[in-house]
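Novice: pasting the sequence and the predicted model now:
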Amino acid sequence: MRDVVVIGGGQAGLAAGFHLTRAGADFEILDASDGPGGAWPHTWPSLRLFSPADHSSLPGRRMHRTDDGNPDAAHVVEYLRGYEEYYGLPVRRGVRIVAVERDDPDGFVVRAADGRRWRARAVISATGTWSRPFVPTCPGVGGFRGHQIHSAGYRGPEPFGGRRVVVVGGANSGAQIAADLAGHLQQSDGELIWCTAGPPRYLPDHVDGRELFRVATASVRSGSGRGVAELGDIVVVPPVRAARDAGLLVATPMFDRFHPGGVEWDDGRREAVDAVIWCTGFRPALGHLRGLGLSRVGGRVVADGPVVPDVPGLFLLGYGDWCGAASATLIGVGQWAKAAVAAALGR
Ligand code: FAD
């Protein structure tokens, strides 16, 4: 019987590991991936952090600065690898947890896909969202002959040379991928069609992850609930700024349906399209908790920060603002990890 089992060894799981180590807890981190870094090894190579390295650190250990602006995903993977090693965190890899069950009178049984089991007094779930890409339904999609991927599968512009490509989504991944593709398509006689639900809401150019974190922190302290969403959706990282200022990021309303060779709008506009890239977000990867009967409101698990009032001893960490403001960021997850660990250990 461990004090705590942490499910997921990305940035959130490691932040929990840091505080558990400090508290002298008996714990283990179980991670489905074969290597360190959580979602970061799977993002597209040109992805840049919203903030410089000194504003992208987990508790205890600073991320090294980079000479060429905000760090890329590879830099984050190396940082997380080093973090794990430095603190000697007990991460067990290649373990996919499929179920968490109550183990009366007070504790849990955590079951892996290969049949292994762990028992713990508390469980911190930190499985992220990357494994649950969300794609909305759209009329006619079944008959579309072109290629479709989600942003989770995007690896760079090269395969799209000379193609007519629709990018769907007006938030950060949509803007960053549209910016990544725009120049490449222009040079290769392809075409970018960037579809967004409304006009893109760029944050002011000077606002980066530092400012977003400041606003999120102030919102928590004041209890105002005024989050970063009021400021805008898109952080104007340098590649987005360059593409926007060059006039390459022109948004058009979302199409209404597919036809076999492309997409069309209710006003009669029709476009031939080779590929669609869905930048339509992710959902929390919580399938392993389904047996616990968690209450949901509006499709979302009821949580008070990382605490799940329904299930004493269970904590949700890093999934987004709904379980802790800025908890889905490197700089923001530490405070929620600390709170989850204190509650898990009853301190
Ligand atoms: P993940 O990194 O997804 O790690 C979860 C881990 O849990 C993975 O290793 C996974 O294998 C494992 N796992 C999943 N299911 C199971 C299971 N059933 N059993 C066992 N293990 C499991 N964040 C920032 O801080 N700064 C930024 O600038 C930034 N920019 C971003 C830009 C874009 C375009 C996007 C899409 C995201 C950005 N993010 C940024 C957010 C960041 O990528 C994620 O929020 C972050 O990776 C979440 O960390 P996590 O530890 O919660 O989850």
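Specialist: Good, I have the coordinates. Numbering: from 1, shown residues only.
Novice: quick one, longest strand in this protein?
Specialist: When the chain is scanned for its longest strand (criterion: DSSP state E), the result is strand 117-125.
Novice: other residues contacting that one?
Specialist: Under the criterion CB atoms under 8 Å, 6 or more residues apart in numbering, residues 1-8, 13, 16, 27-28, 30, 100, 103, 106-112, 286, 288-289, 306, 313-317, 340-341, 344-345 lie in contact with strand 117-125. The way it works is simple: take the backbone N, C-alpha and C, and place the C-beta from them, glycine included.
Novice: buried subset of those?
Specialist: Neighbour-count burial (16 or more other CB atoms under 10 Å) applied to these gives 2-8, 13, 16, 27-28, 30, 100, 107-108, 110-112, 286, 288-289, 306, 313-317, 340-341, 344-345.
Novice: now, these that are in helices?
Specialist: Judged by DSSP state H, the buried ones among the contacts of strand 117-125 include 13, 16, 340-341, 344 as members of helices.
Novice: specify the local secondary structure of the residue of the stretch 51-200 of the chain found nearest the ligand.
Specialist: Minimum separation of the stretch 51-200 of the chain from the ligand (CB to the nearest ligand atom) falls at G128, amounting to 2.3 Å. For G128, the reduced secondary structure class is coil; criterion used: DSSP: H, G, I helix; E, B strand; the rest coil.
Novice: surely it is in contact with G318?
Specialist: Yes. Because the distance of 6.4 Å satisfies CB atoms under 8 Å, G128 is recorded as touching G318.
Novice: the more surrounded of these two?
Specialist: For the pair G128 and G318, the greater number of neighbours falls to G318 (31 against 22), based on other CB atoms under 10 Å.
Novice: roughly how far apart are that one and R300?
Specialist: Distance check for G318 against R300: by CB to CB, to the nearest Å, it reads 15 Å.
Novice: return the residues of the protein in contact with the ligand.
Specialist: Counting by CB under 6 Å from any ligand atom, the residues of the chain lying close to the ligand are 7-13, 30-33, 38-39, 47, 49-51, 56, 95-97, 126-128, 130-131, 172-173, 176, 209, 285, 288, 318, 328-330.
Novice: could you redo the last one with a cut-off of 5 Å?
Specialist: Within the chain, the residues that sit near the ligand (CB under 5 Å from any ligand atom) are 8, 10-12, 31-33, 38-39, 49-50, 96-97, 127-128, 130, 172-173, 285, 288, 318, 328-330.
Novice: buried ones among those residues?
Specialist: Burial by neighbour count, 16+ other CB under 10 Å: within these this picks out 8, 10-12, 31-33, 38-39, 49-50, 97, 127-128, 130, 172-173, 285, 288, 318, 328-330.
Novice: find residues that contact each of G128 and G318.
Specialist: Residues touching both G128 and G318 by CB under 8 Å, 6+ apart: 8, 10, 12.
Novice: quick one: the second one and L80 touch, right?
Specialist: Translated: G10. Yes. In terms of CB under 8 Å, G10 counts as a neighbour of L80; the distance is 7.5 Å.
Novice: intersection of neighbour lists for those two?
Specialist: When contacts are counted by CB under 8 Å, 6+ apart, the set common to G10 and L80 consists of 37-38, 40.
Novice: and which of the residues you listed is nearest the ligand?
Specialist: Checking the shared contacts of G10 and L80 one by one against the ligand (CB to the nearest ligand atom), the nearest turns out to be G38, at 2.4 Å.
Novice: can you pull the contacts of that closest one?
Specialist: 8-13, 80, 128, 130.
Novice: just V110 next, same as before
Specialist: Contacts for V110 (CB under 8 Å, 6+ apart) come out as 5, 7, 30, 97, 99-100, 117-120, 123.
Novice: can you rerun that using 7 Å?
Specialist: By CB atoms under 7 Å, 6 or more residues apart in numbering, the contact set of V110 is 5, 7, 97, 100, 117-118, 120, 123.
Novice: can you check V6 too?
Specialist: If you count contacts by CB under 7 Å, 6+ apart, then V6 has 13, 16-17, 27, 29, 124, 126 around it.
Novice: in stretch 114-134, which residues are buried?
Specialist: With the criterion 16+ other CB under 10 Å, stretch 114-134 contains buried residues 118, 120-131, 133.
Novice: okay, helices next: where are they in this protein?
Specialist: Remark: helices of the chain, listed N- to C-terminal, are 11-22, 73-86, 172-187, 209-222, 238-245, 333-344; assignment by DSSP H.
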